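> just need the structure, nothing else, for what follows:
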Amino acid sequence: MSLTVTKKDEARQAAAKLFCEQGYHATSVRDIAERIGIQGGSLYSHFASKDELLWAVVSDAADRFFASLRPVAEADAPILNKLRKAVIAHIEVVTNDLDAAAVYIVEWRHLGDERRQEVTKLRDEYEALWRDMVEQGIRDRVLAATDAASVSRFILSSLNYLFTWYRPDGPMTAEEVGSMMADYILDGIKRRTV
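Numbering: from 1, shown residues only. Alright, predicted model coming up:
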(Lines give C-alpha, C1' and ligand atoms only; values in the text may rest on other atoms or scores of the structure.)
Protein backbone atom coordinates (compact mmCIF):
# COMPACT_ATOMS: atom_id res chain seq x y z
CA MET A 1 0.00 0.00 0.00
CA SER A 2 1.52 3.33 -1.03
CA LEU A 3 1.20 6.54 0.90
CA THR A 4 0.43 9.57 -1.24
CA VAL A 5 1.83 12.86 -0.04
CA THR A 6 -0.51 15.68 -1.01
CA LYS A 7 0.42 19.30 -1.69
CA LYS A 8 -1.24 20.09 1.63
CA ASP A 9 1.09 17.63 3.38
CA GLU A 10 4.07 19.07 1.50
CA ALA A 11 3.04 22.59 2.52
CA ARG A 12 2.76 21.58 6.18
CA GLN A 13 6.20 19.92 6.08
CA ALA A 14 7.77 22.89 4.27
CA ALA A 15 6.19 25.30 6.75
CA ALA A 16 7.56 23.29 9.68
CA LYS A 17 11.06 23.34 8.17
CA LEU A 18 10.99 27.06 7.38
CA PHE A 19 9.38 28.06 10.70
CA CYS A 20 12.11 26.05 12.43
CA GLU A 21 14.96 27.47 10.34
CA GLN A 22 13.84 31.10 10.00
CA GLY A 23 11.13 31.56 12.62
CA TYR A 24 7.45 32.13 12.01
CA HIS A 25 7.64 35.89 11.45
CA ALA A 26 10.58 35.70 9.05
CA THR A 27 8.85 33.09 6.87
CA SER A 28 6.44 34.28 4.20
CA VAL A 29 3.68 32.39 2.46
CA ARG A 30 5.71 32.89 -0.72
CA ASP A 31 8.72 31.14 0.91
CA ILE A 32 6.56 28.13 1.73
CA ALA A 33 4.97 28.02 -1.71
CA GLU A 34 8.36 28.27 -3.44
CA ARG A 35 9.68 25.42 -1.28
CA ILE A 36 7.00 23.08 -2.67
CA GLY A 37 7.07 24.47 -6.21
CA ILE A 38 3.78 26.33 -6.41
CA GLN A 39 2.75 29.99 -6.74
CA GLY A 40 2.19 31.91 -3.49
CA GLY A 41 -1.51 32.37 -4.16
CA SER A 42 -1.96 28.65 -4.82
CA LEU A 43 -1.06 27.90 -1.21
CA TYR A 44 -4.30 29.56 -0.15
CA SER A 45 -6.26 26.76 -1.82
CA HIS A 46 -4.82 24.49 0.88
CA PHE A 47 -4.54 26.84 3.89
CA ALA A 48 -6.46 30.05 4.50
CA SER A 49 -3.51 31.80 6.15
CA LYS A 50 0.01 31.42 7.49
CA ASP A 51 -1.53 31.16 10.96
CA GLU A 52 -3.58 28.17 9.77
CA LEU A 53 -0.38 26.54 8.51
CA LEU A 54 1.28 27.11 11.88
CA TRP A 55 -1.80 25.64 13.55
CA ALA A 56 -1.61 22.57 11.28
CA VAL A 57 2.01 21.95 12.27
CA VAL A 58 1.43 22.54 15.98
CA SER A 59 -1.81 20.57 16.29
CA ASP A 60 -0.39 17.63 14.34
CA ALA A 61 2.65 17.55 16.65
CA ALA A 62 0.40 17.76 19.72
CA ASP A 63 -1.63 14.81 18.41
CA ARG A 64 1.55 12.77 17.98
CA PHE A 65 2.79 13.59 21.50
CA PHE A 66 -0.55 12.54 23.02
CA ALA A 67 -0.80 9.41 20.86
CA SER A 68 2.62 8.27 22.05
CA LEU A 69 2.15 9.09 25.75
CA ARG A 70 -1.44 8.08 26.53
CA PRO A 71 -0.95 4.31 26.08
CA VAL A 72 2.13 4.46 28.30
CA ALA A 73 0.44 6.57 30.98
CA GLU A 74 -2.65 4.34 31.00
CA ALA A 75 -0.74 1.04 31.07
CA ASP A 76 -0.78 -1.15 34.15
CA ALA A 77 2.95 -1.34 34.79
CA PRO A 78 5.48 -0.43 37.49
CA ILE A 79 5.88 3.34 37.54
CA LEU A 80 9.62 3.43 36.78
CA ASN A 81 8.96 1.30 33.69
CA LYS A 82 6.16 3.65 32.65
CA LEU A 83 8.33 6.73 33.13
CA ARG A 84 11.16 5.15 31.15
CA LYS A 85 8.79 4.29 28.30
CA ALA A 86 7.28 7.78 28.49
CA VAL A 87 10.71 9.41 28.11
CA ILE A 88 11.51 7.19 25.13
CA ALA A 89 8.07 7.80 23.56
CA HIS A 90 8.48 11.57 23.86
CA ILE A 91 11.95 11.41 22.33
CA GLU A 92 10.66 9.30 19.45
CA VAL A 93 8.10 11.99 18.60
CA VAL A 94 10.77 14.69 18.69
CA THR A 95 13.31 12.74 16.64
CA ASN A 96 10.76 11.53 14.07
CA ASP A 97 10.12 15.14 13.01
CA LEU A 98 12.65 17.57 14.49
CA ASP A 99 11.22 20.54 12.59
CA ALA A 100 7.63 20.01 13.75
CA ALA A 101 8.82 19.39 17.32
CA ALA A 102 10.77 22.66 17.28
CA VAL A 103 7.75 24.54 15.98
CA TYR A 104 5.50 22.93 18.61
CA ILE A 105 7.95 23.76 21.39
CA VAL A 106 8.95 27.29 20.32
CA GLU A 107 6.94 28.85 17.49
CA TRP A 108 3.44 28.01 18.80
CA ARG A 109 3.50 31.33 20.67
CA HIS A 110 2.90 33.13 17.37
CA LEU A 111 -0.56 31.63 16.92
CA GLY A 112 -3.57 33.88 17.23
CA ASP A 113 -5.07 34.29 20.73
CA GLU A 114 -7.73 31.59 20.47
CA ARG A 115 -5.42 28.92 19.08
CA ARG A 116 -2.63 29.91 21.47
CA GLN A 117 -5.06 29.36 24.36
CA GLU A 118 -6.01 25.99 22.91
CA VAL A 119 -2.36 24.96 22.67
CA THR A 120 -1.75 26.13 26.22
CA LYS A 121 -4.61 23.90 27.34
CA LEU A 122 -3.20 20.95 25.37
CA ARG A 123 0.27 21.49 26.81
CA ASP A 124 -1.21 21.61 30.31
CA GLU A 125 -3.08 18.33 29.67
CA TYR A 126 0.08 16.70 28.36
CA GLU A 127 2.06 17.85 31.36
CA ALA A 128 -0.73 16.54 33.63
CA LEU A 129 -0.19 13.03 32.22
CA TRP A 130 3.47 13.30 33.27
CA ARG A 131 2.56 14.81 36.63
CA ASP A 132 0.14 11.94 37.35
CA MET A 133 2.88 9.39 36.68
CA VAL A 134 5.36 11.27 38.87
CA GLU A 135 2.73 11.55 41.64
CA GLN A 136 2.27 7.79 41.43
CA GLY A 137 6.04 7.34 41.79
CA ILE A 138 6.05 9.60 44.84
CA ARG A 139 3.11 7.70 46.38
CA ASP A 140 4.80 4.36 45.63
CA ARG A 141 7.96 5.74 47.29
CA VAL A 142 10.18 4.98 44.29
CA LEU A 143 10.85 8.66 43.54
CA ALA A 144 12.68 10.95 45.94
CA ALA A 145 10.86 14.05 44.71
CA THR A 146 8.13 15.73 46.72
CA ASP A 147 6.74 18.12 44.07
CA ALA A 148 5.33 16.30 41.05
CA ALA A 149 4.72 19.52 39.10
CA SER A 150 8.35 20.68 39.23
CA VAL A 151 9.64 17.18 38.41
CA SER A 152 7.31 16.96 35.41
CA ARG A 153 8.51 20.34 34.13
CA PHE A 154 12.12 19.25 34.68
CA ILE A 155 11.60 16.08 32.64
CA LEU A 156 9.81 17.87 29.80
CA SER A 157 12.38 20.68 29.75
CA SER A 158 15.15 18.10 29.49
CA LEU A 159 13.43 16.34 26.61
CA ASN A 160 11.92 19.17 24.62
CA TYR A 161 15.08 20.90 23.48
CA LEU A 162 16.52 17.70 22.07
CA PHE A 163 15.73 19.20 18.64
CA THR A 164 18.59 21.69 19.17
CA TRP A 165 21.31 19.06 19.35
CA TYR A 166 20.08 15.69 18.08
CA ARG A 167 21.01 14.82 14.51
CA PRO A 168 19.68 11.70 12.75
CA ASP A 169 23.10 11.21 11.14
CA GLY A 170 24.91 11.72 14.46
CA PRO A 171 26.74 9.14 16.53
CA MET A 172 23.63 7.95 18.43
CA THR A 173 20.33 6.61 17.16
CA ALA A 174 17.07 8.00 18.49
CA GLU A 175 16.64 4.79 20.51
CA GLU A 176 20.09 5.17 22.07
CA VAL A 177 19.39 8.80 22.93
CA GLY A 178 16.03 7.81 24.44
CA SER A 179 17.61 5.14 26.60
CA MET A 180 20.43 7.47 27.69
CA MET A 181 18.03 10.30 28.58
CA ALA A 182 15.75 7.90 30.48
CA ASP A 183 18.77 6.67 32.47
CA TYR A 184 19.94 10.20 33.28
CA ILE A 185 16.52 11.48 34.25
CA LEU A 186 15.28 8.49 36.19
CA ASP A 187 18.54 7.92 38.03
CA GLY A 188 18.42 11.56 39.12
CA ILE A 189 14.93 11.41 40.63
CA LYS A 190 14.92 7.82 41.88
CA ARG A 191 14.78 7.26 45.64
CA ARG A 192 18.10 5.93 46.94
CA THR A 193 16.79 4.37 50.16
CA VAL A 194 13.31 3.28 51.16
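> what's the closest non-adjacent residue to the spatially most central residue of the chain?
For the chain, residue 101 is the residue whose C-alpha lies nearest the centre (CA atoms, centre = their mean; 4.6 Å). Leaving out its chain neighbours, the residue that sits closest to residue 101 by CB to CB, 6 or more residues apart in numbering is residue 94, at 4.2 Å. For glycine as for every other residue, the C-beta is placed from the backbone atoms N, C-alpha and C.
> residues in contact with stretch 12-32?
Under the contact criterion CB atoms under 8 Å, 6 or more residues apart in numbering, stretch 12-32 has outside partners 11, 35-36, 40, 43-44, 50, 53-54, 56-57, 60, 97-100, 102-103, 107, 110, 163.
> what about burial for the residues you listed, which qualify?
11, 35-36, 43, 50, 53-54, 56-57, 60, 97-100, 102-103, 107, 110, 163 (16 or more other CB atoms under 10 Å).
> who's in contact with residue 7?
36, 38, 46.
> would you confirm that the first one contacts residue 11?
The one in question is residue 36. Yes - in this structure residue 36 lies within contact range of residue 11 using CB atoms under 8 Å: 5.7 Å.
> quick one: the longest helix that the chain contains to chain centroid distance?
Longest helix of the chain, by residue count under DSSP state H: helix 113-139. From the chain centre to the centre of helix 113-139 is a distance of 13 Å (CA atoms, centre = their mean, to the nearest Å).
> buried by neighbour count: which residues of that helix qualify?
For helix 113-139, using 16+ other CB under 10 Å, the buried residues are 115, 118-119, 122-123, 126, 129-131, 133-138.
> same question, stretch 30-49
31, 32, 33, 35, 36, 38, 43, 46, 47.
> do the same with stretch 144-160
Across stretch 144-160, burial judged by 16+ other CB under 10 Å covers 145, 148, 151, 152, 154, 155, 156, 159, 160.
> how far does it sit from the chain's center?
16 Å.
> can you list the residues that contact that stretch?
Here stretch 144-160 has contacts from 87, 90-91, 94, 101, 105, 127, 130-132, 134-135, 137-138, 143, 181, 184-185, 189-192, using CB under 8 Å, 6+ apart.
> ok, residue 177 to residue 155 distance?
Counting by CB to CB, to the nearest Å, the separation of residue 177 from residue 155 is 15 Å.
> tilt between the helix-or-strand element of the chain with minimal mean pLDDT and helix 113-139?
Within the chain, no helix or strand scores below helix 174-189, which has a mean of 88 by mean pLDDT, DSSP states H and E. Here the directions of helix 174-189 and helix 113-139 differ by 60 degrees (axes from the mean of the first three to the mean of the last three CA atoms, to 10 degrees).
> which helices and strands sit right next to helix 174-189?
Applying 3 or more CB pairs under 8 Å, 6 or more residues apart in numbering; DSSP states H and E, we find helix 174-189 packed against helix 79-96, helix 148-160.
> quick check: what element follows the longest one along the chain?
So that's helix 79-96. Proceeding N to C from helix 79-96, the next assigned helix or strand is helix 98-105, under DSSP states H and E.
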